[in-house]
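Participant: Quick one, fold the following:
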Amino acid sequence: MAPTAEFCGIDPEEMGRLATSLSGAADRLTAFSKEFEGKLGRYGVSTSALREIADIADWGGTQVSMLHGRIDLINALGNGAPELGGGGDGPSLVRLPDELAGFEAAQGLATMYGKDVFVNFEGEFQAALVHEHADEVAKLAENPQAAAAFFALLPAKIRDSLATRIARTGSKTAKQDLAAFSAALGAALRAPALVPAFVKVRNDLVKPADKATAWNRLALLKDANAPSDVRSAAARSLALNDFAKDPRQDRRAAGPSETETYGYSSDLVAMGLEVLAGDGAAVRDAFAKMGGTDVKLSQVDKMKQFLDYAKVVDTGDAVADAFGRAMEAGTEATTEKAGQHSPAAAAFTLDAIRAAGSFGDDLPDPARSSMAIIAKSYIHELTSGARFDKAVDRTSGMGVPDNWITLPGVAPAFYLSPGDTHRFFKTFVGDKRLTDDFDATAAQFRHDTLTAAARLDAQGETRHFERAARAFGDFAGLEFKATLDVRGERDATDDLIRDITKNTLALGIDQIPLVGPLADEGVKAGWELAKAYGISTALDGWADSFETRVEEVTGARSDFVLRQKYDMAHILHEAGYPASETPAELISKSTGDLKTYDELLTEAKREASDGKKWEQVLGEKLTPYERWMDSNGKFDDKVEDASNFQTSEQAKEQIRLWG
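Facilitator: I've put the predicted structure just below:
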């Protein structure tokens, strides 16, 4: 049968008969040439033609050897394939890709590693041999069917101990060499299964095994970029199913040689999670099916089980780190856009937030950074979760709460309760670096949402701006309350003061953050101030304490409450809400727009003199600002309401009840 673009059909039995026939013909030609060469030689007749016949016979002999070798290769690669000839006396074709040259190269590598390098040598020389040919293995990734042939022909006992065998050579390139095998395996797994014998390899990789074999398989799969179904099946069968059934067992499965060589954990649980990490579909599938029908735990309880385990075992840091990155993948936190998450990712994230939040500040440290990444991606859901204006008694779920009012620009895929939101904040706000990273996202989202709400309100008699301001006041206040709970009032407050100072008072008049590279600083300042406003009435005496700490840190009194009003006014004006022409003295020469409070403050401090304090100068500068707002009734009312909503004592007091 002639090869097609899809496959090469080979009948080994027919090829064997061809080899036998060719062998017989070669033997007869050889015998014929010898017989007549002798007879003709007696009479002095030239026998050059007979020597050509003998050469043909020799060629036939080499072809016979090649054919038998190819038959063995075809039979090995076709092992497990159904007969395609219809049975009976019909031909039995082995269906393979038209890759015989590549298969023969793969066979050579498999034979060399499986029957020579890993069998007949050891130590440095073995390490050198492994590395010498690792590039050839890596190149198999460019020919997935040849890669499949390589692993099909490599002895199972070698394949199932590759990581250990390479590590124990003491090779300095062991990690690089194992990566070559992983790359080839991944290519074979991602390609259509056209090599029948590789199907068994694929099936074996995802079967339960003893701990040492399981660790080696997971190490080989870790960087293979295998398909989602293979990752999920392997992680479950080799590690996570048994863990879900009984998390109290010792899961260590590798020695110092392997862990130090590759930087991998000895813990099967960590390795199972590592194989899943980076593939959201694999993570979600694994957690949904983990333990099979024998495990009755909810998905939230399965997640909590990993965190409980990470807190009590010596390998806990590796488990927690891998768990966090698996959660990142399952939530699609880095692959989907905020506010546009898929239903599958959103449902998984709801469970992840509830599970992690149940630990709060007691979450294992290595998982915290992943929680902050998830928080940034699910900023819409956390903003909604912090709201106290509607359905304050809600429980977390996928459904829209009763009597909910949607905020323009805020599109949650699920709805958190205030308590679950507060607890999830605690998983990462204890780390200033993580909090700053999250706050940059929250600040921009606040600014963009308030601006969009103001533009909508400018088109009609709506109150989107006030509702959004209230929501972000709740959001900022709830986050900062979590920070206070975790870090303590003095530490959290001092950091907040420093952030406000850095983003506002430290800026010169020519660097007011409205446009250009410093624009983000103004946005961040608004968020930091919102956190101060949001919490100011939640705790008895906190506002006075904040004022005192500002003076201790900066040497100046705090004006954070005063700033709130002008922050709202600037956003509303910037969004184009109707108002009369702005007085010339309120127009910034740097931006051509309405001056910010901080710009006016900086001018006042610069213009102050011995005879006139900066507070007096600032009052004079704010007078035309206030008169302009007073003359624009709707604008002024909107500013006042938005400012008051963000410091609503009623909403903040409910943190205590519903948190």
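
Participant: The closest residue to residue 195 other than its chain neighbours: what's it in contact with?
Facilitator: Closest residue to residue 195 apart from its sequence neighbours, by CB to CB, 6 or more residues apart in numbering: residue 148 at 4.2 Å. (Each C-beta comes from the backbone N, C-alpha and C, glycine too.) Residue 148 is in contact with 188, 191, 193, 194, 195, 198, 201, counting by CB atoms under 8 Å, 6 or more residues apart in numbering.

Participant: quick one: the first one from residue 110, how far?
Facilitator: Okay, so that is residue 188. 12 Å (CB to CB, to the nearest Å).

Participant: Would you map the strands across the protein?
Facilitator: Assigned by DSSP state E, the strands in the chain fall at 8-10, 94-96.

Participant: Return the member of these having the minimum mean pLDDT.
Facilitator: When these are ranked by mean pLDDT, strand 8-10 comes last with a mean of 59.

Participant: Highest neighbour count among the contacts of residue 148?
Facilitator: residue 195 (32 neighbours; other CB atoms under 10 Å).

Participant: shouldn't residue 413 be in contact with residue 344?
Facilitator: No. Using CB atoms under 8 Å, residue 413 is not in contact with residue 344; the gap is 10.3 Å.

Participant: Compare neighbour counts for these two and give me the winner.
Facilitator: residue 413 (21 against 15).

Participant: number of nearby residues for the closest residue to that one other than its chain neighbours?
Facilitator: Among residues not flanking residue 413 along the chain, residue 346 sits closest, at 3.5 Å (CB to CB, 6+ apart). By the criterion of other CB under 10 Å, residue 346 has 18 neighbours.

Participant: check contacts around residue 346.
Facilitator: Residues near residue 346 by CB under 8 Å, 6+ apart: 381, 398, 413, 414.

Participant: And it, how close does it get to residue 412?
Facilitator: For residue 346, the distance to residue 412 - CB to CB - is 9 Å.

Participant: same check, this time on residue 601
Facilitator: 37 Å.

Participant: neighbour count winner among these two?
Facilitator: Taking other CB under 10 Å, residue 601 and residue 412 do not tie; residue 601 has more neighbours (25 against 22).

Participant: pretty sure the more buried one is in contact with residue 619, am I right?
Facilitator: No. With contact defined as CB under 8 Å, residue 601 and residue 619 do not form a contacting pair (11.3 Å).

Participant: The residue nearest to residue 195 and residue 102, how far apart?
Facilitator: For residue 148, the distance to residue 102 (CB to CB) stands at 10 Å.

Participant: ditto for residue 431
Facilitator: 51 Å.

Participant: and if you look at residue 206?
Facilitator: From residue 206 to residue 102 the distance is 26 Å (CB to CB).

Participant: circling back to that earlier point, confidence score at the residue nearest to residue 413?
Facilitator: pLDDT for residue 346: 98.

Participant: same check, this time on residue 22
Facilitator: So residue 22 comes in at 52 (pLDDT).

Participant: can you list the contacts of residue 148 in a markdown table and add pLDDT?
Facilitator: Shown next, in a markdown table, are these (pLDDT from 0 to 100):
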| residue | pLDDT |
| --- | --- |
| 188 | 96 |
| 191 | 93 |
| 193 | 84 |
| 194 | 85 |
| 195 | 89 |
| 198 | 93 |
| 201 | 95 |
